[in-house]
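Trainee: Have a look at this prediction, sequence included:
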2 protein chains.
Amino acid sequence: MAKIRSRSFWSKFQARWMQSRSLVCVGLDSDYSSLPSFLKTGANPIWDFNRAIIDATEAYTCCYKPNLAFYLKDGLRGLEALKQTVDHIPDEIPVILDCKVGDIGNTMAAYVSAFFEELGVDAITFNPLMGSDVAAPILKDERNFGFALALTSNPSAEDFLQQDGLSSRISRWLEQYPKEQIGAVVGATQSAKLESMRKQLQGRILLIPGVGAQGGDLQAVMNYAIDSPETPNILINSSRGIIFKDSGRSFADTAGEEAKILRDQILALIPNP
Amino acid sequence: MAKIRSRSFWSKFQARWMQSRSLVCVGLDSDYSSLPSFLKTGANPIWDFNRAIIDATEAYTCCYKPNLAFYLKDGLRGLEALKQTVDHIPDEIPVILDCKVGDIGNTMAAYVSAFFEELGVDAITFNPLMGSDVAAPILKDERNFGFALALTSNPSAEDFLQQDGLSSRISRWLEQYPKEQIGAVVGATQSAKLESMRKQLQGRILLIPGVGAQGGDLQAVMNYAIDSPETPNILINSSRGIIFKDSGRSFADTAGEEAKILRDQILALIPNP
């Protein structure tokens, strides 16, 4: 049975920000090969790891973002761990599946069914290359939310996203959709472009990876990406910097401390209204 | 245990064309909701369906292409069906996983491990939006092959792929990669553009969806897309037109007949050398 989703991602996200004062998205990039070795003797190490991470970090977390790749890499056991993880996350904390799917018609409808209905997540990331046919199946249920890849923080984003204004074209394209259902992924290392993207995407939630491990500057993100001090509408993702900071028996406690530190750093950088 | 892959996709594809004289890619879009109803009482209906389809079509098939979305939609049982399906396909017939993944770094490496190593497919489709960081993990094992989305056949391909020469940019971009490892997905409804893309992509394998259900014209594809009569280097994908043509007890026999018809239609359209 899928988890019952009583509310939309949008309303859960806004309520969670008010309640937790956290804009931290904890990326559950739970690669089996990076888990603490003492966990690897269990029946399902990824699930054991995630449960401990969630219990230790939830107080400081706005959203969790499991990354589909690492669960598929662990086969059937990995998919089972993903399901258990989504079920374990408290109902008031929204779950974003990082899957970057981008297909059309009945194929995209099948992904939407697999992720929102079968697995029970609140939001997904998606790749808009094939155009509005990709977004259409997400929009069919108004509780669903999708983050479109708009500007990424990897070196080869120069190949396409940073050419010929493609990122700007994607930003303009997503203005046709309700802000309650479509947001954008914008890389933190692109701080020069964050300001103009935020202007174009007022009122929308931006999911920002790349602070920390990929070299993004938190100060710049907070200067340019927030919507308003009251309603920042951003999520700062951190994965390895939280979940794999400590590979020993205290890994979960350390993750909790790191999540709290990041939550507080972000709060301190929100300008006074 | 993953299936042992003794050869590269490239060499299996070339040998299979010589042996079967088929350029048909049978798309295993095995949506549970579209299966013959009498199959749905079994323990794993998708697996039962695929096994019968493969046994009936293999003689006329160059490659099989399961579509990840429909297996994930059926949960753990679906992923199990996918694994059994890949294991069941005869070793001389290459398997392409249609997943359109497009991520970077350790995430993309995890997809590559999940699909090529854990699941044991010979090739995947991928989305090149994030640039060469997406292709890099595929290339690490020279047996691996990836089909980059270059021009798709859906209506909203106009949003991005058909703007500002993005498709041509993608085609030029993939020239940097060995033809033995990287091909392209090119929609059949774009026959006007097929000719120029083929010129740019000489010697590469083109995976062509959209003949039949999406209105693509087989005659135009055969005029413009083949590399040479001896080495056409194309795969014509058909999914619903083969696997869901008949929803009764003779579904597999019908699928076999449809695959043979398409194989023969294609052969008849190859010009004399």
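Mentor: Perfect, I can see it now.
Trainee: near chain B at all, stretch A:144-155?
Mentor: Yes - contact of stretch A:144-155 with chain B (Cβ under 8 Å from any Cβ of the partner chain) involves A:L149, A:T152, A:N154, A:P155. (Each C-beta comes from the backbone N, C-alpha and C, glycine too.)
Trainee: For the last one, which non-adjacent residue is spatially closest?
Mentor: Right, the one you point to is A:P155. Leaving aside its chain neighbours, A:P155 sits nearest to B:D133 (6.4 Å; criterion: Cβ to Cβ, 6 or more residues apart in numbering or on different chains).
Trainee: which residues does the one you found contact?
Mentor: Applying Cβ atoms under 8 Å, 6 or more residues apart in numbering or on different chains to B:D133 gives the contacts A:N154, A:P155, A:S156, B:I104, B:G105, B:M108.
Trainee: Tell me how many other residues crowd the fifth one.
Mentor: Other residues within reach of B:G105, judged by other Cβ atoms under 10 Å in any protein chain shown, total 16.
Trainee: Could you do the fourth one as well?
Mentor: As a burial measure, B:I104 scores 22 neighbours (other Cβ under 10 Å).
Trainee: Touching, it and B:M130? I think so.
Mentor: Yes - using Cβ atoms under 8 Å, B:I104 makes contact with B:M130 at a distance of 5.6 Å.
Trainee: Can you read off the pLDDT for the residue lying closest to A:A136 once chain neighbours are set aside?
Mentor: Residue nearest to A:A136 in three dimensions, not counting chain neighbours: A:M108, with 7.4 Å by Cβ to Cβ, 6+ apart. We have a pLDDT of 98 for A:M108.
Trainee: Just to check, A:M108 is in contact with A:P137?
Mentor: Yes - judged on Cβ under 8 Å, A:M108 makes contact with A:P137 at a distance of 4.5 Å.
Trainee: For the residue in the stretch 1-150 of chain A that chain B sits nearest to, give me its contacts.
Mentor: Closest approach between the stretch 1-150 of chain A and chain B, counting by Cβ to the nearest Cβ: A:G131, at 3.0 Å. Applying Cβ under 8 Å, 6+ apart to A:G131 gives the contacts A:W173, B:N154, B:P155, B:S156, B:A157, B:E158, B:D159, B:F160, B:L161.
Trainee: Check which helix or strand the first one maps to.
Mentor: Take DSSP states H and E as the rule and A:W173 turns out to sit in helix A:166-174.
Trainee: and that helix, which residues are buried?
Mentor: The neighbour-count check on helix A:166-174 (16 or more other Cβ atoms under 10 Å in any protein chain shown) flags A:L166, A:S167, A:R169, A:I170, A:S171, A:W173, A:L174 as buried.
Trainee: same question for it, mean pLDDT?
Mentor: Helix A:166-174 comes out at a mean pLDDT of 95.
Trainee: For whichever helix or strand comes after that helix, name the packing helices and strands.
Mentor: Going down the chain from helix A:166-174, the next helix or strand is strand A:182-186, by DSSP H and E. Contacts defined by 3 or more Cβ pairs under 8 Å, 6 or more residues apart in numbering or on different chains; DSSP states H and E place strand A:182-186 against helix A:132-139, strand A:145-151, helix A:166-174, helix A:191-200, strand A:206-208.
Trainee: Neighbouring strands - and their directions - for strand A:182-186?
Mentor: With DSSP bridges as the test, strand A:182-186 is paired with strand A:145-151 (parallel), strand A:206-208 (parallel).
Trainee: which of the contacts of A:G131 are buried?
Mentor: The neighbour-count test (16+ other Cβ under 10 Å) marks A:W173, B:N154, B:S156, B:A157, B:D159, B:F160, B:L161 as buried among the contacts of A:G131.
Trainee: Point out where the stretch 151-273 of chain A drops to low pLDDT.
Mentor: The stretch 151-273 of chain A contains residues with pLDDT under 70 at A:190, A:212-216, A:273.
Trainee: Which positions within stretch A:111-127 qualify as buried?
Mentor: A:111-116, A:118-127.
Trainee: first to last residue in that stretch, what's the distance?
Mentor: Start and end residues of stretch A:111-127 are separated by 13 Å (Cα to Cα, to the nearest Å).
Trainee: mean confidence for that stretch?
Mentor: Mean predicted confidence for stretch A:111-127 is 98.
Trainee: Say whether chain B is contacted by that stretch.
Mentor: Yes - residues of stretch A:111-127 contacting chain B under Cβ under 8 Å from any Cβ: A:Y111, A:S113, A:A114, A:F115, A:E118, A:N127.
Trainee: Adding distance to A:A184 and secondary structure, write those out as JSON lines.
Mentor: What follows is the residues of stretch A:111-127 next to chain B, written out as JSON lines (distance: Cβ to Cβ, whole Å; DSSP: H, G, I helix; E, B strand; the rest coil):
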{"residue": "A:Y111", "distance to A:A184": "19", "secondary structure": "helix"}
{"residue": "A:S113", "distance to A:A184": "24", "secondary structure": "helix"}
{"residue": "A:A114", "distance to A:A184": "23", "secondary structure": "helix"}
{"residue": "A:F115", "distance to A:A184": "18", "secondary structure": "helix"}
{"residue": "A:E118", "distance to A:A184": "26", "secondary structure": "helix"}
{"residue": "A:N127", "distance to A:A184": "12", "secondary structure": "coil"}
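Trainee: wait, is A:K65 part of a strand?
Mentor: Yes - when classified by DSSP: H, G, I helix; E, B strand; the rest coil, A:K65 is found to be part of a strand.
Trainee: which regions of the stretch 1-150 of chain A lie under the pLDDT threshold?
Mentor: A:1-4.
Trainee: quick one: the helices in it?
Mentor: Taking DSSP state H, counting those that start in this stretch as the criterion, the stretch 1-150 of chain A carries its helices at A:9-20, A:45-57, A:68-72, A:75-88, A:105-112, A:132-139.
Trainee: hang on, A:T254 packs against A:D246?
Mentor: Yes - in this structure, A:T254 is within contact of A:D246 by Cβ under 8 Å, at 3.5 Å.
Trainee: Quick one: residues contacting the closest residue in space to A:V112 that isn't next to it in sequence.
Mentor: Nearest residue to A:V112 in three dimensions, chain neighbours excluded: A:P137, at 4.5 Å (Cβ to Cβ, 6+ apart). Neighbour list for A:P137: A:M108, A:A109, A:Y111, A:V112 [criterion: Cβ under 8 Å, 6+ apart].
Trainee: Now for the residues you listed: which two are most distant?
Mentor: For those, the farthest-apart pair by Cβ to Cβ is A:A109 and A:Y111; their separation is 7.4 Å.
Trainee: Who are the packing partners of the longest helix seen in chain A?
Mentor: Counting by DSSP state H, the longest helix found in chain A is helix A:251-269. Applying 3+ Cβ pairs under 8 Å, 6+ apart, we find helix A:251-269 packed against strand A:24-28, helix A:45-57, helix A:218-224, strand A:234-238, helix A:240-243.
Trainee: can you list those in TSV and add mean neighbour count and distance to chain B?
Mentor: Below are the helices and strands packed on helix A:251-269 laid out as TSV (neighbours: other Cβ atoms under 10 Å in any protein chain shown; distance: least, Cβ to the nearest Cβ, whole Å):
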stretch	mean neighbour count	distance to chain B
strand A:24-28	27	10
helix A:45-57	22	12
helix A:218-224	18	20
strand A:234-238	25	12
helix A:240-243	23	9
